[in-house]
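*Asks:* From the sequence below, what's the structure:
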Amino acid sequence: MSENDLLQDAVAELYSADPDQFVERRGALAAAARGAGQAPVARQIAGLRKPTRSAWLVNQLARAEPGFTSELTSLGEELRAAQEALDGAAIRELSQRRHRLVETLTRRAFEVAGQPQPPAALRDEVTATLGAALADPEVAGQVASGTLARPARSEGFGPAGPGGTPELALVTSSGARGPSRTPRTPGPERTQTSTGSRTGSRTGSRSQARAERAQAEQARAEQARAEREQRRQADLAAAERAAQEAAQLAEAATAAEHELELTVQTLEEQLADARRSLADTRNQARRARNRQRQAGQALDRLRG
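*Replies:* Coordinates of the predicted model:
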C-alpha cells in the first residue's frame, strides 16, 4: 500500500468514527504506520486534529450525501447575484429557500448520526457551518471533504470566521491541515487602492444592509399577513362548523316538531272518536233505562 493510500485510509476511518474514539484510533493507526516502515505517514496521522461533535456531524452528512454541497453553492451564488442587483423579491424568495435548505440538511445530519433530538447548542453549530458553506464556496469545498475539525461560521455572504478565514481545519491529500486561505500582505498596489476599496466596500455594505433590512421588514410583513390569514381561515372554519351544527340541530328539531304534531293530531282524532263513542253509549244507556222502567211498570200492572 502506498503512503498516500495509507494516509487516506487513516483519514477516512478517523473522521467517520465517533470522536470519542478518535485519539485512541489515531495512536493505533500511527503506530501501525510506523510498524510498516512509514514514519512520515505516521507523523502525519499523529498530527490529525480531533473533530468537535458538530464538525463530525457535518462530516457524516458529507459522507452520506456527498452531493449536498453543490446545492448549497448554487443557492449561495443566486443569493449573491440577487444582493448585488438589489432585487428585493428575489432576495426574499431565495432567503426562504436558504432557510428551508439549511434546516433540512441540519435535520438530515442528525438523522444520519442517529441523534433525532440534539441539544440546541450542537444544532446551532451544525446550522452555522452549513450556512457558512452556503455563503462561501471555499467553505463548501472543505465541508465536502468530510474532514472538518472545527465548525465554521459566516456573517452574510462574506468569508467565514475572523479575519476572513473559516474556523475549520481541512485534511488534504498530503495530510497537511489548516485554513485553505493564506492572508495577503498589503503591497504598494494594494496600498494605493485601499481608500477606494474601503469606500466601495462601505457602499456595498450599506447597500447590502439596506437590502437585508428591506428583506427583513418584508418578511415580517408577509409573516404577519400569513398569521392573519391563518387566523381568518381558522375563524371561518369554526364559523362554518358552528353553522353546520346549528343547521343539523334545527333540522332535528323540525323533524321532532312534525312528529309531535302528527302525534297530537292522532290523539285528537282518537279523543273525538272516544267522545262520539261516549255519547252513543250514553244514549244507549238512557234508552235501556227507559225500557227497564217501562217493563217494570208493565209488570206491576199485571201483578195488580
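*Asks:* So, low pLDDT: which residues of the protein?
*Replies:* Screening the chain residue by residue with the criterion pLDDT under 70, one finds the ranges 1, 155-204, 230, 234, 236-249, 251-252, 254-256, 258-263, 265-266.
*Asks:* Could you chop it up by domain?
*Replies:* Following automatic domain parsing, one gets these domains for the chain: 1-50, 51-154, 192-262.
*Asks:* which of the ones you listed sits most buried?
*Replies:* Ranked by mean neighbour count under mean count of other Cβ atoms under 10 Å, the domains of the chain are led by domain 51-154, which reaches a mean of 19. Quick note: C-beta positions are derived from backbone N, CA and C, even for glycine.
*Asks:* circling back: in a markdown table, list the domains of the chain along with distance to A295.
*Replies:* Output for those, formatted as a markdown table (distance: least, Cβ to Cβ, whole Å):
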| stretch | distance to A295 |
| --- | --- |
| domain 1-50 | 123 |
| domain 51-154 | 108 |
| domain 192-262 | 49 |
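*Asks:* so which of those domains gets nearest A298?
*Replies:* When the domains of the chain are compared by Cβ to Cβ, domain 192-262 sits nearest A298, at 53.8 Å.
*Asks:* need the helices for the stretch 101-250 of the chain, in chain order.
*Replies:* Applying DSSP state H, counting those that start in this stretch to the stretch 101-250 of the chain gives helices spanning 120-135, 137-145, 188-192, 194-303.
*Asks:* Tell me, how many residues neighbour L299?
*Replies:* Applying other Cβ atoms under 10 Å, we find 10 residues neighbouring L299.
*Asks:* any idea how far G88 is from it?
*Replies:* Taking Cβ to Cβ, to the nearest Å as the measure, L299 falls 124 Å from G88.
*Asks:* so is the residue lying closest to L94 once chain neighbours are set aside in a helix, a strand, or just coil?
*Replies:* Nearest residue to L94 in three dimensions, chain neighbours excluded: L79, at 4.9 Å (Cβ to Cβ, 6 or more residues apart in numbering). Assigned with DSSP: H, G, I helix; E, B strand; the rest coil, L79 falls in the helix class.
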